[in-house]
Each structure stands twice: as structure tokens, then as C-alpha cells.
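Colleague: Need a 3D model of the following:
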Amino acid sequence: MGNLGVGIKKFLSNKNTVTVVGVVVAVLVLYIAYNMRVQAAVNPISVPYATQQISPGVQITEDMVGTRDVPPSMLEGDVITNQADVIDKYSNADTLIPQGSLFYSRQVVEKEQLPANIILDYPKGYVLYNMPVTTESTYGNSIYPGNYIDIYLRATRRVAEGQTATNDEIMYGKFVENVQVLAVKDSSGQPVFSNLDEQRAPAMIVFAVPEEYYLLLKKASYLQTYDSELVPVPTNESLQDEPGEVEISSSTLRDWVNEVTYWDESMG
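Modeller: The predicted structure follows:
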């Protein structure tokens, strides 16, 4: 053991030997690192691709997505490498994804990021209604797409007192109930909740109702003489197993709106 220790000490004290060993070690490290980088660039990875042409604004389902092995060196730009980041998302409104193409981040978006005319799917016979709102009327921006609301009507009507005198009477009550919110937009038409890093103020909520109710809401919104206002009120209907149907809550308010408005059926 003593002789071995002396030999090692002499070996390490030789500067030329140490230099050679250092060079050899450095070369080995460089070789291994280079080899690992080459292997990483050459060894293919599995990435999703489109098995069929995907039109703009279409939900990307599992049958539209396949996988293929591609060398990492060929993956340029914002290529999506995970199937979970593609399936059940939507192709962008201005994007046509060709068959066989890889997916890129700019091509794939969430449903809420699509323009309203693409994402708003609603029952046949229903009509879209766009209700102006503010941060205050949405309870501090607390009404989200998918929530249910009731719509209240506030108006002022005049009640006769004797032959000539009149008196103002405030009317307020639930008008339409179980309305599902489809979108919340800011003043420029952008989805309020598509980017939580941006503070966007709500300016409109969009929902769909039967045409009869649409006409009633429109009539009510035009009653400026009566200082009318439609007010959204959030409900917990979305927590129910079977949310209720959209329906008129007050026949009194419905009859009053119809009584004080005129609608030319030939226009509808």
C-alpha cells in the first residue's frame, strides 16, 4: 500500500502527465456531450399531426389527430408536441390546417378565443340577444360564459289619479328566467376571460332565447319613455343536474310590455 501511494503521488506530481490526463478527460467530456446532443437531435419524438383537413373554427376531435415520429431537429417554430394540447381545442378562425400537417400553437385555440359567430351554438328556433352590461351590473365581472342568469325588468309607468293628475309607479320583477350566458365581451368585441392577464371590462353578454322572448326583450329595451332597464341576475341553475328551461317569469310584465308597444308582424 505504501509503495502504491508513493507511485500515485509521483504520478500526480508530474506536470506533463497531469496535463495529458486533463486533455484526455476534457476530450472525453466533449465527446460524450457531443454524442448526447447528436442523439437528442437524431432520435425521433412522437408529435401530433392532422389526419384530415381541418377547417377554421372546428373543434379538433381525437379522430382528427394522429402521431408520427419526427427528428427534433426538424421541429421549427411553435410546434405542438403533446396531443393533450390539441384534442378538444379549436382550429383558429383564420386557419385551415391541411391533412398531414403538424399543429402549431398559433393554429390551436380555446373555444372562448374564437369569434362569437363561430362559438355560439344554440338550439334551433332560438335567437341571439346582446345585452349591454357594465362591471357593476355583472356583479364585479362575476358573470361567466356557461353561467345562468335571470333577467329582471325595471320600468316606470304612470297611473291615473282622478281626471287629470298622474303618479309614477315603479315596476320591478323577474321577466325571463333560466337564461344561459354564451359569451361575455368587452367594448371591442373581445372575450373578457380569454386572457386573465388582461383586465377587460365587460360591455355585453350574449345569450340565446326563443324568438318570442327575444321580441319581448327588444320591446322592453326600447321603452325609453318608461325609463326601462333590463338587469341580469346570476343564479345557481348551472349547479343543477338538469337546468330549467328558458321561460317567462311574469305574465303581468309580459302583458304590460305588449300593451305599451307596437310590433309590425310583417317586419319580424
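
Colleague: is it true that Met171 touches Ala220?
Modeller: No: the pair Met171 / Ala220 is not scored as a contact, 10.6 Å apart, by CB atoms under 8 Å. C-beta: built from backbone N, CA, C; applies to glycine.

Colleague: Spell out which residues are contacts of both of the two.
Modeller: Both Met171 and Ala220 are in contact with 153, 155, where contact means CB atoms under 8 Å, 6 or more residues apart in numbering.

Colleague: Out of the two, name the residue with the larger neighbour count.
Modeller: Ala220 (24 against 15; other CB atoms under 10 Å).

Colleague: ranges for the strands of the stretch 1-150 of the chain?
Modeller: Secondary structure of the stretch 1-150 of the chain (DSSP state E, counting those that start in this stretch): strands at 45-50, 65-70, 90-91, 108-109, 126-132, 148-161.

Colleague: and Ile60, what does it touch?
Modeller: Ile60 is in contact with 54, 86-91, 108, counting by CB under 8 Å, 6+ apart.

Colleague: repeat that with 10 Å
Modeller: In this structure, Ile60 makes contact with 48, 50, 54, 86-91, 97, 103, 107-108, judged by CB atoms under 10 Å, 6 or more residues apart in numbering.

Colleague: hmm, back to that, now the strands of the stretch 1-150 of the chain as CSV including mean neighbour count and distance to Ala208?
Modeller: Below are the strands of the stretch 1-150 of the chain laid out as CSV (neighbours: other CB atoms under 10 Å; distance: least, CB to CB, whole Å):
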stretch, mean neighbour count, distance to Ala208
strand 45-50, 18, 31
strand 65-70, 14, 30
strand 90-91, 23, 19
strand 108-109, 20, 22
strand 126-132, 16, 4
strand 148-161, 17, 13
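
Colleague: center of this structure - which residue?
Modeller: By CA atoms, centre = their mean, the mean C-alpha position of the chain lies nearest to Glu112, the distance being 2.2 Å.
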